[in-house]
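Visitor: sequence and predicted structure, then a few things I'm wondering about:
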Amino acid sequence: MALLPVGFFAAGLGAPDFTSASAVLNLLGRLAGVVGLALLLLAAALSARVPGVDLPFGGLTKLWRTHHLLGAGSLLLLLVHPLLLAFAASAWGQGLAFGTLFPPLSDRATWAGWLALLLMMVFLAPSFAFFGAPKYERWKRLHSLAGPAVILALIHTFLLSRTMPGPTDTIIWSLFALLGVGAVGWRLVFSRRIGRLPYTVTRVDTVADGVAELSLKPDRDHLRYSAGNFVYLTPFDTGLAAGHREEHPYTLSSSPLEPELRIAIKALGDASRAIQTIPVGTPVTVEGPYGCFFPPDSKARTAELWVAGGVGITPFLARMRHLRALGEGGDIHLVYAVQDESRAVYAGELRQLAAEIPGFALTFHYFFQEGPVTAPFLGTACPDLARREVYICGPLALNQLVRDHVYRAGVSADHIHSEEFELL
Amino acid sequence: MKKVVFATFVAFWSSVATIATLHAMGPGETAAAAADTTKADAAPGYTLEQVAQHATLDNCWMAVEGIVYDISAYVPKHPTPAFVLEQWCGKEATEGMRTKGYGRDHSPAAWAMIEEYRVGVLVE
């Protein structure tokens, strides 16, 4: 889609655009602006997070990665865009590069562009960890500046309206703008009204130190989901130390057959720490479901190898609970990698479920004893792993490590599925 | 990816700072303007009637803010279709230069480029 404006841009080119080095620089500068804006608007459109739209992208976490790459590409091109135009102008005289970058204040188009670019630098600085790893809340607050940045970028291009010939310019950018603005509109208006289901907290179980499992009763309709999906949860409790009215993504740990939702939450930040002690009776909203880690009906038709790291056990726990609820079995081997025994959350229930589900095998891997998961470890625990469908969920480093091991052991890339819970 | 984006971010501000520094150290606008005036004083004068005799795309003169230009050689290089320029050939074209027909001034680069085509000044 980003190539669409490029096509029209190319159609508007003529011989004069290639007559000199400065004309070519000017052309590249404009092209960088066109593609950069198209990528920015596509990234905005993907941020809508409409449930179901993530499936063609391979789940929301993969869609976020696409969004992240689009944002990076956009920022790179839009940083280069004014510089190329300034360098092109400098061919006509000293001071013109400066004049192009800093025209009189009456040049609203250029200053709208500047403002949009500065806002982009601010709201993308935490996404690309310019000044260290950001906190989720701060990142999220700053990221909302994307809205004004997109609007200013559109004002910039509409005022200049010379990137493409004739009215195509206005038409193409209006369509892209509609996608981006529609997405933001969905987020701000519709998702709040119709996308979020009201629930009430009925139980809070402390599973381990720093890990709680919330049970939620539907106030109205029950969320339809598959085992291993995740949701955005927003608690409404002014008494919380952090996270009141803030949405955060968490994986569902319950079987879709259960009457209540269960959500396992590890204290990784201020909000997830505060929610560990959320009072029973607190109203919350749930938006989702997202993700497509497992096949939608959860049945294990082929032999499977699951590798979980830490709190990455949650989607697997949900699927085990669901398999037991369905009375189904399968040829499944779960390797659960944790720091030490005290960190193995749900260890007791996992052992019990493994014993109850026909054909299920469970192996624990303790980092403090054995170091990182190795290929020989996996090969010993699960000798026939090459013929298995592989599912990995854990920290990024573990995901990559296990992905490499099983790929080298002969599992092809389309049989390896992974879900990361580190979004940045 | 993070490193590439950060490196470009730093390179961007370095380039902007370089352009600003060169500008601050270069000759001031007053000097350039003074040079312009000197040049203008010595330039031949043309009336609007004389300019009007060059009103085709092949032979296109324009008067802009008191200066007369022969832009015939530039016509094929101008980004818009030729008919946009044609309507200003042989005329006082300050409005066209300053508004492009929709209220937007030409870029500083364009104002510098047109100086290459200066042939004289406008007289009564």
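Guide: Nice, I can see it. Residues are numbered from 1 along each chain as shown, chains lettered A, B, ... in the order given.

Visitor: what about B:Arg118, distance to chain A?
Guide: 13 Å (CB to the nearest CB, to the nearest Å). The way it works is simple: take the backbone N, C-alpha and C, and place the C-beta from them, glycine included.

Visitor: that residue contacts B:Gly66, correct?
Guide: No: applying CB atoms under 8 Å as the test, B:Arg118 and B:Gly66 come out as separate, 11.1 Å apart.

Visitor: of the two, who's got more company?
Guide: Neighbour count, other CB atoms under 10 Å in any protein chain shown: between B:Arg118 and B:Gly66, B:Arg118 has more, with 17 against 11.

Visitor: need the overlap of contacts for B:Arg118 and B:Gly66.
Guide: Both B:Arg118 and B:Gly66 lack any common contact, where contact means CB atoms under 8 Å, 6 or more residues apart in numbering or on different chains.

Visitor: ok, A:Val311 touching A:Ser272?
Guide: No: with contact taken as CB under 8 Å, A:Val311 and A:Ser272 are classed as non-touching, separated by 10.1 Å.

Visitor: looking at these two, which is more packed in?
Guide: Using other CB under 10 Å, the more surrounded residue of A:Val311 and A:Ser272 is A:Val311, with 25 against 20.

Visitor: look up how far chain B lies from the more buried one.
Guide: 24 Å.

Visitor: separation between the residue nearest to that residue when sequence neighbours are not counted and chain B?
Guide: The shortest distance from A:Val311 to any non-neighbouring residue, by CB to CB, 6 or more residues apart in numbering or on different chains, is to A:Lys266 (4.1 Å). Distance, A:Lys266 to chain B, by CB to the nearest CB: 24 Å.

Visitor: between A:Val311 and A:Ser272, which contacts overlap?
Guide: With CB under 8 Å, 6+ apart, A:Val311 and A:Ser272 have common neighbours A:Lys266.

Visitor: residue ranges of the helices in chain A, please?
Guide: A:3-11, A:21-46, A:60-90, A:96-101, A:108-124, A:136-143, A:146-160, A:168-185, A:270-274, A:314-326, A:347-356, A:367-370, A:375-381, A:396-408 (DSSP state H).

Visitor: what pLDDT does the closest residue to A:Pro372 other than its chain neighbours get?
Guide: Leaving out its chain neighbours, the residue that sits closest to A:Pro372 by CB to CB, 6+ apart is A:Leu401, at 6.1 Å. As predicted, A:Leu401 sits at a pLDDT of 94.

Visitor: same check on the one 5 residues further on?
Guide: On the pLDDT scale, A:Val406 is placed at 94.

Visitor: cool, and the one 10 residues further on?
Guide: The pLDDT attached to A:Ile416 in the predicted structure is 93.

Visitor: got the residues of chain B near chain A?
Guide: Contact residues, chain B versus chain A (CB under 8 Å from any CB of the partner chain): B:1-2, B:4-6, B:8-9, B:11-12, B:15-16, B:19-20, B:22-23, B:26-27, B:29, B:32, B:76-79, B:104-105, B:107-109, B:112-113.

Visitor: show me these that map onto helices.
Guide: B:2, B:4-6, B:8-9, B:11-12, B:15-16, B:19-20, B:22-23, B:29, B:32, B:108-109, B:112-113.

Visitor: hey, which helix or strand in chain B has the poorest pLDDT?
Guide: The least trusted helix or strand in chain B, going by mean pLDDT, DSSP states H and E, turns out to be helix B:29-42, with a mean of 49.

Visitor: on that earlier part again, tell me if I'm right that the residue nearest to A:Val311 and A:Val211 touch.
Guide: Yes: the pair A:Lys266 and A:Val211 qualifies as a contact (CB under 8 Å) at a distance of 5.0 Å.

Visitor: need the overlap of contacts for these two.
Guide: A:Val311.

Visitor: hang on, the earlier thing: narrow the ones in helices among the residues of chain B next to chain A to just the buried residues.
Guide: B:5, B:8-9, B:12, B:15-16, B:19, B:23, B:108-109, B:112-113 (16 or more other CB atoms under 10 Å in any protein chain shown).

Visitor: please tabulate these in JSON lines, including the columns distance to A:Ser226.
Guide: Output for those, formatted as JSON lines (distance: CB to CB, whole Å):
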{"residue": "B:Val5", "distance to A:Ser226": "35"}
{"residue": "B:Thr8", "distance to A:Ser226": "40"}
{"residue": "B:Phe9", "distance to A:Ser226": "40"}
{"residue": "B:Phe12", "distance to A:Ser226": "44"}
{"residue": "B:Ser15", "distance to A:Ser226": "50"}
{"residue": "B:Val16", "distance to A:Ser226": "50"}
{"residue": "B:Ile19", "distance to A:Ser226": "55"}
{"residue": "B:His23", "distance to A:Ser226": "60"}
{"residue": "B:Pro108", "distance to A:Ser226": "59"}
{"residue": "B:Ala109", "distance to A:Ser226": "58"}
{"residue": "B:Ala112", "distance to A:Ser226": "63"}
{"residue": "B:Met113", "distance to A:Ser226": "63"}
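
Visitor: okay if I get these as TSV plus pLDDT?
Guide: Written out in TSV, the entries for these read as follows (pLDDT from 0 to 100):
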residue	pLDDT
B:Val5	91
B:Thr8	93
B:Phe9	93
B:Phe12	94
B:Ser15	92
B:Val16	93
B:Ile19	88
B:His23	83
B:Pro108	75
B:Ala109	76
B:Ala112	82
B:Met113	83
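
Visitor: which of those sits closest to B:Leu57?
Guide: B:Met113 (17.8 Å; CB to CB).

Visitor: and the closest one, how far is that from A:Leu25?
Guide: B:Met113 is 14 Å from A:Leu25, where distance means CB to CB, to the nearest Å.

Visitor: just list the residues touching the closest residue to chain B within the stretch 101-250 of chain A, thanks.
Guide: Going by CB to the nearest CB, chain B is nearest to A:Phe128 of the stretch 101-250 of chain A, at 4.5 Å. Contacts for A:Phe128 (CB under 8 Å, 6+ apart) come out as A:72, A:75, B:1-2, B:5-6.

Visitor: now swap in A:Pro51 and tell me
Guide: Here A:Pro51 is in contact with A:195, A:287-290 (CB under 8 Å, 6+ apart).

Visitor: which residue, other than its chain neighbours, is closest to the most centrally placed residue in chain B?
Guide: Nearest residue to the geometric centre of chain B (CA atoms, centre = their mean): B:Trp111, 1.9 Å. Distances taken as CB to CB, 6+ apart place B:Met97 nearest to B:Trp111, at 7.7 Å, with adjacent residues excluded.

Visitor: and that neighbour, what element?
Guide: Per DSSP states H and E: B:Met97 is located in helix B:94-99.

Visitor: extract the CA atoms of that helix and return them as PDB.
Guide: Extracted as PDB, the C-alpha positions of helix B:94-99 are listed here (Å, rounded to 0.1, in the frame of the first residue of the first chain):
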ATOM      1  CA  THR B  94       4.800  39.100  -8.800                       C
ATOM      2  CA  GLU B  95       1.500  37.500  -7.800                       C
ATOM      3  CA  GLY B  96       2.300  34.300  -9.600                       C
ATOM      4  CA  MET B  97       5.700  34.100  -7.900                       C
ATOM      5  CA  ARG B  98       4.400  35.000  -4.500                       C
ATOM      6  CA  THR B  99       1.200  32.800  -4.500                       C
END
